[in-house]
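Chemist: Sequence first, then the predicted structure, then my questions.
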Amino acid sequence: QVQLVESGGGLQQAGGSLRLSCAASGSSFSRNAMGWYRQAPGKQRELVAVLTSSGGVTTYIDSVKGRFTISRDNAKNTVYLQMNSLKPEDTAVYYCNVGLYSSSGTYYPYTYWGQGTQVTVSS
């Protein structure tokens, strides 16, 4: 069983920055890929960023490339999402997730989700 706790969200003006954290329980953290998702009101949850277990591979959706950075600290069982140059369209609830990153470059989320953290960007 894995428990995930997100934090770091809040209200920020456009152009500002936020750093999200996700603390994970369980001894298998370092062996799993991690992903950040977001869900805006009335929209489907979308995968924003993925980081492999070693930290050697990262992927991002086009809309956040160059602005967001995913990283992890395996000693602290924590994954981060640094969000810079925020835009109003980044407003959403952000969730972290544990999953599998296949050799073909596909991320398969496991069924472990945190409660999410709200990010609101004002224009």
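Modeler: Now that the structure is in, tell me what you want to look at. Numbering: from 1, shown residues only.
Chemist: Which helix or which strand is home to the residue most central in space within the chain?
Modeler: What sits nearest the mean C-alpha location of the chain, by CA atoms, centre = their mean, is Trp36, with 2.2 Å. If you go by DSSP states H and E, Trp36 is part of strand 33-39.
Chemist: Tell me the helices and strands packed up against that strand.
Modeler: Applying 3 or more CB pairs under 8 Å, 6 or more residues apart in numbering; DSSP states H and E, we find strand 33-39 packed against strand 18-24, strand 46-51, strand 68-73, strand 78-83, strand 92-101, strand 107-113. For the C-beta atoms, the positions are set from N, CA and C on the backbone; glycine is no exception.
Chemist: got the contact list for the residue nearest to the centre of the chain?
Modeler: Contacts for Trp36 (CB atoms under 8 Å, 6 or more residues apart in numbering) come out as 20, 22, 47-50, 70, 79, 81, 94-97.
Chemist: what's near enough to touch Ser21?
Modeler: Contacts for Ser21 (CB under 8 Å, 6+ apart) come out as 6-8, 78-80.
Chemist: make it 6 Å
Modeler: 7-8, 78, 80 (CB atoms under 6 Å, 6 or more residues apart in numbering).
Chemist: Count the neighbours of Gln54 for me.
Modeler: Not Gln; residue 54 is Ser. Ser54 sits with 12 neighbouring residues when counted by other CB atoms under 10 Å.
Chemist: Where does it sit: helix, strand or coil?
Modeler: Following DSSP: H, G, I helix; E, B strand; the rest coil, Ser54 is assigned to coil.
Chemist: Closest one to Gly55 out of the contacts of Ser21, please.
Modeler: Nearest to Gly55 among the contacts of Ser21: Tyr80, at 11.3 Å, using CB to CB.
Chemist: that older thread, just want the angle from the strand holding Trp36 to strand 78-83.
Modeler: 50 degrees (axes from the mean of the first three to the mean of the last three CA atoms, to 10 degrees).
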